[in-house]
Structure formats: C-alpha cells, structure tokens
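Peer 1: Give me coordinates for this.
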Amino acid sequence: METLFTVLLILHITAGTISLISGPVSMANRKGGKQHRFTGKVFFYAMMLVSVTAVSMAVLPNHHSSFLLIIGIFSAYLVSSGYRVLYLKDLTKGQKPQQLDWLISLTMAAFAAYFVYSGLTGSTSSSFGNSNVISVVFGSIALLLVAKDIRKYTQAPADMNFWLYDHIARMVAGNIAAFTAFLVVNNAVLPPVVAWLGPTVIGSAVISFFITKYKLKARKSTNTEELVTPI
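Peer 2: Predicted structure coming up:
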C-alpha cells in the first residue's frame, strides 16, 4: 500500500508541476492560436492526472485527506467542464448537452453538497488549517457553478459567447486550484485561510479582467457591424 501511495505521489507532483507551468503559459498565449490550444491540452491532461492521483491518495487507508479529496474533485470538475464547453457552442441554437456533460455537473453537485455538509457539521479533517471553513467555501462555489451549468443546459444562453466566458472562468479556476494546492502544501508563513483563499481572490480578479476584455471586444465588434450595415 505504501508503494502505491509513493507512486501516486510522484505522479501527482510531476503532473502538478507541469500544470503550474502550462497553465499560465496557455493564458499568456493568443486565444485560439495553435500554441494556446497545445498548452491548453497539456494543462488539461496534467490537471486530470493531478485530480485522479489526488482522489486516489485521499481514499487510501491510513492516508485519508479531506484536503486532497476537495482539491482533486473540484479541479477535475473545473477543467473538464471548461474543456467540454468548447463542444457546446451551439447551445444558443438549440444544441443539447450530452450525457457526459450532465454526469460531470451532477457528480460535482453531489460532492459539493457533501463538502458543505461536512464543513457545517465539523466533520472535515485536514492538517492544513481550518478545513471546515474551506470545505463550506469550495463546496458553495461548486454548487453555484453547477447551478449555472444546469441553467444553460435547460435554457438556451442569451449570449452567443457564453462558451468563451465559461471556458476562461473554468480554466483559470483550474489554475487557481493548482496554485492553491501548491501554496497550502508548501506554506510556512501565511495564515492557513490566506493560503487557501488567497489564490481564489487573485484568480477571480484575473477571470474578471479577461471576461470583461472579451465582452468589450464583442460589444465593439457588434457596434461596428451596426454602423456599416446598410439601412
């Protein structure tokens, strides 16, 4: 069992390192370009391996960790839903989500409810700070994101660029998860709550910046088209 844990840990650290590098590089690359797509896929697969190994280690006997379970499940949901939305661009035109999309969202909903319940009842265990507060916070964020998923699956989004904004938000959030895990594990200075939630605060500002940028760009493009369209 210890050998299995060691192998999983090595894979986890390796994949985590790759994701910490490829994530920011992908964000810096021109959106939609060849390099962005390549580094984005590297980040996606690295994060999925991070998640799988995290969850696997979290459920091993004598190694149970609510920290790994929360980060593992939440990270897998963020990057998988952020990747899948690229194939759901036509929801505005009546496209229906596939069973895989529902499975991703509903699985996250179940775990998110568990995280919130565990945090509120004080049953979350971790050596990394106030895990009950963290469990409630991340579980609540996940429930809000799942609610957004269900809304766009059942009601056609009004904005044709919804998929771009969702993709940006979920993938940057995946980066947040990677940096949160790195900071929490290696933190020796910051208060635990700051280490846990600091990347979320900073990352949320990054998400807001990029989404606002592309919304303004889309609005400018629309206005330009209106000006040149014959009456």
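Peer 1: What is the burial count for residue 62?
Peer 2: Residue 62: 7 surrounding residues under other Cβ atoms under 10 Å. Heads up, the C-betas are built off the backbone N, CA and C, glycines and all.
Peer 1: From residue 180, how far out is it?
Peer 2: The spacing between residue 62 and residue 180, counted by Cβ to Cβ, to the nearest Å, is 25 Å.
Peer 1: All the strands of the chain, residue numbers only.
Peer 2: Assigned by DSSP state E, the chain shows no strands.
Peer 1: Could you pick out the longest helix of it?
Peer 2: helix 192-228 (DSSP state H).
Peer 1: Tell me which other helices or strands it touches.
Peer 2: helix 131-154, helix 162-186 (3 or more Cβ pairs under 8 Å, 6 or more residues apart in numbering; DSSP states H and E).
Peer 1: among the helices and strands of the chain, which has the poorest mean pLDDT?
Peer 2: Every helix and strand in the chain was compared by mean pLDDT, DSSP states H and E; the lowest is helix 192-228, with a mean of 80.
Peer 1: quick check: angle from that one to helix 162-186?
Peer 2: Relative orientation of helix 192-228 versus helix 162-186 (axes from the mean of the first three to the mean of the last three Cα atoms, to 10 degrees): 160 degrees.
Peer 1: Return the set of buried residues in helix 192-228.
Peer 2: Neighbour-count burial for helix 192-228 flags 192, 195, 196, 197, 198, 199, 200, 203, 206, 207, 210, 211 (criterion: 16 or more other Cβ atoms under 10 Å).
Peer 1: Columns distance to residue 218 on top of the residues you listed, output as a markdown table?
Peer 2: Shown next, in a markdown table, are the buried residues of helix 192-228 (distance: Cβ to Cβ, whole Å):
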| residue | distance to residue 218 |
| --- | --- |
| 192 | 40 |
| 195 | 36 |
| 196 | 34 |
| 197 | 31 |
| 198 | 31 |
| 199 | 28 |
| 200 | 26 |
| 203 | 22 |
| 206 | 19 |
| 207 | 16 |
| 210 | 13 |
| 211 | 10 |
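Peer 1: Can you list the low-confidence ranges for this protein?
Peer 2: 123-131, 222-231 (pLDDT under 70).
Peer 1: what's near enough to touch the most centrally placed residue in it?
Peer 2: Nearest residue to the geometric centre of the chain (Cα atoms, centre = their mean): residue 78, 2.7 Å. Contacts here follow Cβ atoms under 8 Å, 6 or more residues apart in numbering; on that basis residue 78 touches 145, 170, 171, 173, 174, 177.
Peer 1: isn't the third one right up against residue 82?
Peer 2: Yes: using Cβ atoms under 8 Å, residue 171 is in contact with residue 82, at 4.4 Å.
Peer 1: Now for the closest residue to residue 97 other than its chain neighbours, how many residues are close by?
Peer 2: Among residues not flanking residue 97 along the chain, residue 153 sits closest, at 4.6 Å (Cβ to Cβ, 6 or more residues apart in numbering). Neighbour count for residue 153, taken as other Cβ under 10 Å: 16.
Peer 1: Relative to residue 51, how far out is residue 38?
Peer 2: Look at residue 38 and residue 51: by Cβ to Cβ, they are 21 Å apart.
Peer 1: neighbour-wise, which of these two wins?
Peer 2: residue 51 (26 against 14).
Peer 1: how near is residue 195 to residue 179?
Peer 2: With Cβ to Cβ as the criterion, residue 195 and residue 179 are 10 Å apart.
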